[in-house]
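Trainee: need a structure here:
(2 chains)
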There are 2 protein chains.
Amino acid sequence: MTKVIDFQTDPSRYRHWRIEYNGPVAQLIMDVDETAGLFDGYLLKLNSYDLGVDIELNDIVQRMRFEHPEVKVVVMQSGKDRVFCAGANIRMLGGAAHSHKVNFCKFTNETRNTYEAAEADSGQKYIAAIKGACAGGGYELALACNYLMLTDDSSSSVSLPEVPLLAVLPGTGGLTRVTDKRQVRRDLADVFCATEEGVRGKRARKWGLVDEVIPNSRFDATVSERAAEFAAASSKQDVDDGIVLKPLDRRISQTGDLSYSLVEVALDRSGGRVTITLKGPESAAATDMAAVQAEGDQTYLLRLAREFEDAILHLRANEAKLGVWVICTQGDPAEVAAHEAVMLDNRDHWLANEVLHYWKRVLKRLDVTSRSLVALVEHGSCYAGVLAELLWSVDRSYMMEDEFEGDNRPTAAIHMTRGNFGSYPMGNDLTRLQTRFLGHAEAVTNAEDVIGTPLEAERAEDLGLVTMILDDIDWEDEIRIFLEERSSFSPDAMTGMEANLRFAGPETMETRIFGRLTAWQNWIFNRPNAVGAEGALQRYGTGQRGQYDPERV
Amino acid sequence: MTKVIDFQTDPSRYRHWRIEYNGPVAQLIMDVDETAGLFDGYLLKLNSYDLGVDIELNDIVQRMRFEHPEVKVVVMQSGKDRVFCAGANIRMLGGAAHSHKVNFCKFTNETRNTYEAAEADSGQKYIAAIKGACAGGGYELALACNYLMLTDDSSSSVSLPEVPLLAVLPGTGGLTRVTDKRQVRRDLADVFCATEEGVRGKRARKWGLVDEVIPNSRFDATVSERAAEFAAASSKQDVDDGIVLKPLDRRISQTGDLSYSLVEVALDRSGGRVTITLKGPESAAATDMAAVQAEGDQTYLLRLAREFEDAILHLRANEAKLGVWVICTQGDPAEVAAHEAVMLDNRDHWLANEVLHYWKRVLKRLDVTSRSLVALVEHGSCYAGVLAELLWSVDRSYMMEDEFEGDNRPTAAIHMTRGNFGSYPMGNDLTRLQTRFLGHAEAVTNAEDVIGTPLEAERAEDLGLVTMILDDIDWEDEIRIFLEERSSFSPDAMTGMEANLRFAGPETMETRIFGRLTAWQNWIFNRPNAVGAEGALQRYGTGQRGQYDPERV
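Mentor: Sure, this is the predicted structure:
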């Protein structure tokens, strides 16, 4: 699996999903083309999915919010008979490297979280209309919807058969959503997760696995009824026109460097690292949302978010050996703040709302990226508002202090905006500053008090906004030593350490999925009982069950 | 490492710790005998520890609470020059099986949690008086104390060098306590955890890694002063006489069965399971605490807790291939409730308080045990109050319904007591019933409404207190099929599934340590970068650093 995975797509290229827009209710139909897997060696039978299927779903969920703001309810359903979705493709999993499996689960989790949150963030509620088998990852697809309808016939059931069948966990949030979101009693959840064939009909409703069970003869009509009811009850504004998300302006060089209109990604393979530079705006901010909407997908903050997100996804999936990401910005911080201010001033406008939530999601992708992240606050940088969040998403930051010989750029300074105090919450529902200053609320207040004041190195350090400040004499050596040292550490230990340090304090379902469930799954994915020659994943489909070492650890 | 590990010890057998009792302040001195490791093949140099060292510490912490209730402050310190504690012994870890490493970390975590909670539970506050190197597990030993004092000299520092040095995580809560308890800023925590030599003096104080830094010349005097201050400020009652914890009455048969005065443990090696039976009281409950104290360690609930805890620890460490534990009780439920009532009526008596907190800890050990747990509610059983908690600690429960042919025992019934509504919180700070009925507070209220009423099968099922009820026709087959099926599943998948389902909803530092940190460590302990021939754990001490595969996952 060494081909480059591209996260960009558009409706003209979809192979696995159809989407029918018709006013406030959209029909989202999963109809996987079994011959169109992302890699060779497996068929995507029975609506099973691989990363390619999820890349399309991610694209749909994203376009729904920008291109189709008129949508209030999305009905997720199957285009095939007798099966809703069979889950992640097992042959694909069996053949995939550990790193691909983990990265695949991360991306699918992010997509699930995104449409799960679409109701609260954007007034787009997802319904799962389940006919036929809804198994494993298929049920996880449904679990992330906010209303689950199941038809009551002998072939329709929900199940999480991973543990008995494959010796791995339901890895896309299933265990966590069953207990935390659906609040299924834990002993019933134990029975459910240990039962290959799953649960049908009234029992599924009684245990809380679905919200409604409907006789087959009335199923389609009832789904339409519910969708119309939810749409009518929605408090979402009526919006007629969305904006179009056109293809990104992206070039990939022979050596793998990426260049977008506002993002540059420079690879250093021998150093095991990559430098990502985000640029400030080229032009002044629009003064009202009509003007922003006229700019469409070219409006600065949206364009930057799309390019940065694509770079994150590309590097995560395709450049696993570059373990350290160095993040830089260059541009005018006042301009960044001005572009953000239009959005903050107009949060009740659908497009400003979408742009701010989108940045929230992009920053969350960075938070859960298993690379060592460092930000450099160099002269000429533009860490203002939303871009200042980068400083508290990374593991460490270094800031230039005073003049550097031969450097005429404006002195490095951090610019707080009101956006830093609630617009971009982390997965733990705290702001990055609240997480950074856990238990020290006064430090958050101190940072809020200096909104609008450029904070040069000493002041930024006093306020606790950067890890270290360095002058011209120390900068180059210190950064070099840090980067070399970081690349010399065990990548596994780094991943584990960063996953623990990044999310301090309170937990949410989201952090539990990324922090707890993922870690257990990583472990299981490394154990012979799952992936060894006699393990369940390898034996799947051979008619033989896995052969297990019974030792408990 | 196949010898049987015994968790029972007493002061006459200590090799690694000394304890000096002198009124309200106890001196706890770590002075590890390097030749007295639990296994061959390593020396416990520089106050490094293995499981044997921790078994003694666990014994001390436990005896402190029952035998020395006069103690209000415990000063943990080193008996060696220039080193406080070098952490877990690396050669021991390098040579140990994965399951031993994981089990070792679990037990040490439990011990850390126990003395950390001793202040809140029993008014016994632990101070760490750190002179010399305090590294890795050594700093984790200190982190679980509630006041950390560091001497300010060139050889005294605190550090968590696991990641740079060993390519594993600080596995005994270090990462979590640094961010959540000490609330060290996460980027400083990143620097700290990536720095082999650690942090000294004022910087350690400034970053929040210790509470107080004291010049060497005044260190001992200041420690004594603080200890006296804390003792004087303590609200703990003055108690003169503790009770003595005498050796347990335990026999181990040739085949490995265990027999105590109140606990029977029957092994079924071919079935991969074990049956643990807890017996009800042989005699009526004492009517007041003077009488309970006169019974000393023979009082029913204390004796049962000690025996049950020993069985749990023995099975976890020595019988890893028995993956399913079947829990039974037999006795008079009214008598169990009567014994518990004396404790609940007298919670302000030090001994009642200790017995209740001890049961809380024993039940928590069960909660984090990586075995499939099932409770059978048979005729003649005594699931009342504290013993009813077992039903909600296990993964599933089965209950006998109606008469069974040839079975004259009293009909199976569950007995709720007020003890079930707050006396034995789980690690997530919820009661087991609150966790079971997450989001359904009315179900907890319904259970509270039937305190004192024996609840036979149908009623217990209606109240959601058991997973399944079975009559004489189905019982034997259903239980047999369940047990066979459970033993056929992958033990790793079971461990991961159970760890996720058992702790729903809110998290605490404790659940984050067991659920999140442990899972990441398990994963890392399975990766070649740590444990492979060229991994850091194997190469430690050879002068060569680990050789890492740079791929991030």
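Trainee: The residue positioned nearest the centre of chain A and A:Asp367, how far apart?
Mentor: Nearest to the mean C-alpha position of chain A, counting by C-alpha atoms, centre = their mean, stands A:Glu110 at 3.1 Å. Per C-beta to C-beta, to the nearest Å, A:Glu110 is found 11 Å from A:Asp367. Where you see a C-beta, it was placed from the backbone N, CA and C, and this is true even at glycine.
Trainee: who's in contact with the residue nearest to A:Glu551 when sequence neighbours are not counted?
Mentor: In space, and not counting its chain neighbours, A:Glu551 is closest to B:Ala320: 4.8 Å by C-beta to C-beta, 6 or more residues apart in numbering or on different chains. B:Ala320 is in contact with A:551-553, B:99, B:103, counting by C-beta atoms under 8 Å, 6 or more residues apart in numbering or on different chains.
Trainee: By neighbour count, which of those residues wins?
Mentor: A:Arg552 (24 neighbours; other C-beta atoms under 10 Å in any protein chain shown).
Trainee: Tell me the spacing between the nearest residue to A:Tyr42 once chain neighbours are set aside and chain B.
Mentor: Distances taken as C-beta to C-beta, 6+ apart place A:Arg91 nearest to A:Tyr42, at 3.7 Å, with adjacent residues excluded. Here A:Arg91 is placed at a distance of 19 Å from chain B (C-beta to the nearest C-beta, to the nearest Å).
Trainee: now do A:Gln330
Mentor: 22 Å.
Trainee: Is the residue of the stretch 1-150 of chain A at minimum distance from chain B within a helix or a strand, and which one?
Mentor: Closest contact between the stretch 1-150 of chain A and chain B, by C-beta to the nearest C-beta, is at A:Ser99 (3.9 Å). In the assignment (DSSP states H and E), A:Ser99 maps to helix A:98-122.
Trainee: element containing the residue nearest to A:Glu551, please.
Mentor: Per DSSP H and E, there is no helix or strand for B:Ala320.
Trainee: on that earlier part again, spatially nearest residue to the residue nearest to the centre of chain A (excluding sequence neighbours)?
Mentor: A:Arg365 (6.3 Å).
Trainee: which ones are touching the one you found?
Mentor: Taking C-beta under 8 Å, 6+ apart as the test, what A:Arg365 contacts is A:110, A:309, A:312-313.
Trainee: Surely A:Pro550 is within a helix?
Mentor: No: A:Pro550: not assigned to a helix; according to DSSP: H, G, I helix; E, B strand; the rest coil it is coil.
Trainee: quick one, what contacts it?
Mentor: B:272, B:321, B:323, B:487, B:491.
Trainee: Show me which pair in these is furthest apart.
Mentor: B:Lys321 and B:Ser487 (10.0 Å; C-beta to C-beta).
Trainee: Now do the same contact list for the residue in the stretch 301-450 of chain A that chain B sits nearest to.
Mentor: Nearest to chain B, among the residues of the stretch 301-450 of chain A, is A:Gly439, at 3.9 Å (C-beta to the nearest C-beta). In this structure, A:Gly439 makes contact with B:Gln183, judged by C-beta under 8 Å, 6+ apart.
Trainee: what angle do the host helix or strand of A:Ala317 and helix A:98-122 make?
Mentor: Per DSSP H and E: A:Ala317 is located in helix A:300-318. Put simply, helix A:300-318 runs at 160 degrees to helix A:98-122, going by axes from the mean of the first three to the mean of the last three C-alpha atoms, to 10 degrees.
Trainee: and the next element down the chain from helix A:300-318?
Mentor: Following helix A:300-318 in sequence, per DSSP H and E, is strand A:324-330.
Trainee: coming back round to it: quick one: buried ones out of the contacts of A:Pro550?
Mentor: Among these, those buried by neighbour count (16 or more other C-beta atoms under 10 Å in any protein chain shown) are B:272, B:323, B:487, B:491.
Trainee: Intersect those with the contacts of chain A.
Mentor: B:272, B:323, B:487, B:491 (C-beta under 8 Å from any C-beta of the partner chain).
Trainee: separation between the closest residue in space to the first one that isn't next to it in sequence and B:Val324?
Mentor: Counting by C-beta to C-beta, 6+ apart, the nearest residue to B:Gly272 once its immediate chain neighbours are dropped is B:Ser487, at 4.0 Å. The spacing between B:Ser487 and B:Val324, counted by C-beta to C-beta, is 6 Å.
Trainee: Now for these two: what residues contact both?
Mentor: B:271-273.
Trainee: need these in CSV with pLDDT, can you?
Mentor: Below are those laid out as CSV (pLDDT from 0 to 100):
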residue, pLDDT
B:Gly271, 95
B:Gly272, 95
B:Arg273, 96
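Trainee: hmm, back to that, which of the buried ones among the contacts of A:Pro550 fall in helices?
Mentor: B:487, B:491 (DSSP state H).
Trainee: Please identify which of the buried ones among the contacts of A:Pro550 is nearest to A:Ile127.
Mentor: For these, the nearest to A:Ile127 is B:Pro491 (38.1 Å; C-beta to C-beta).
Trainee: May I have the strands that pair with the one helix or strand A:Met399 maps to, each with its orientation?
Mentor: Element membership of A:Met399, judged by DSSP H and E, is strand A:396-400. Paired neighbours of strand A:396-400 in the sheet (DSSP bridges): strand A:372-377 (parallel), strand A:468-470 (parallel).
Trainee: what is the rounded mean pLDDT of stretch A:169-189?
Mentor: For stretch A:169-189, mean pLDDT rounds to 94.
Trainee: got it, and stretch A:114-130?
Mentor: 98.
Trainee: List the buried residues in that stretch.
Mentor: A:114-119, A:121-130.
Trainee: How far off centre is it?
Mentor: 15 Å (C-alpha atoms, centre = their mean, to the nearest Å).
Trainee: Next: stretch A:459-466.
Mentor: Per C-alpha atoms, centre = their mean, the centroid offset for stretch A:459-466 relative to its chain is 29 Å.
Trainee: Restrict that stretch to CA atoms and write it as PDB.
Mentor: Taking Å, rounded to 0.1, in the frame of the first residue of the first chain, the C-alpha atoms of stretch A:459-466 are listed here in PDB:
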ATOM      1  CA  ARG A 459       5.600  39.300  27.500                       C
ATOM      2  CA  ALA A 460       4.400  36.200  25.800                       C
ATOM      3  CA  GLU A 461       6.700  34.100  28.000                       C
ATOM      4  CA  ASP A 462       5.500  35.800  31.100                       C
ATOM      5  CA  LEU A 463       1.900  35.100  30.100                       C
ATOM      6  CA  GLY A 464       2.800  31.500  29.500                       C
ATOM      7  CA  LEU A 465       1.800  31.600  25.900                       C
ATOM      8  CA  VAL A 466       5.000  30.100  24.500                       C
END
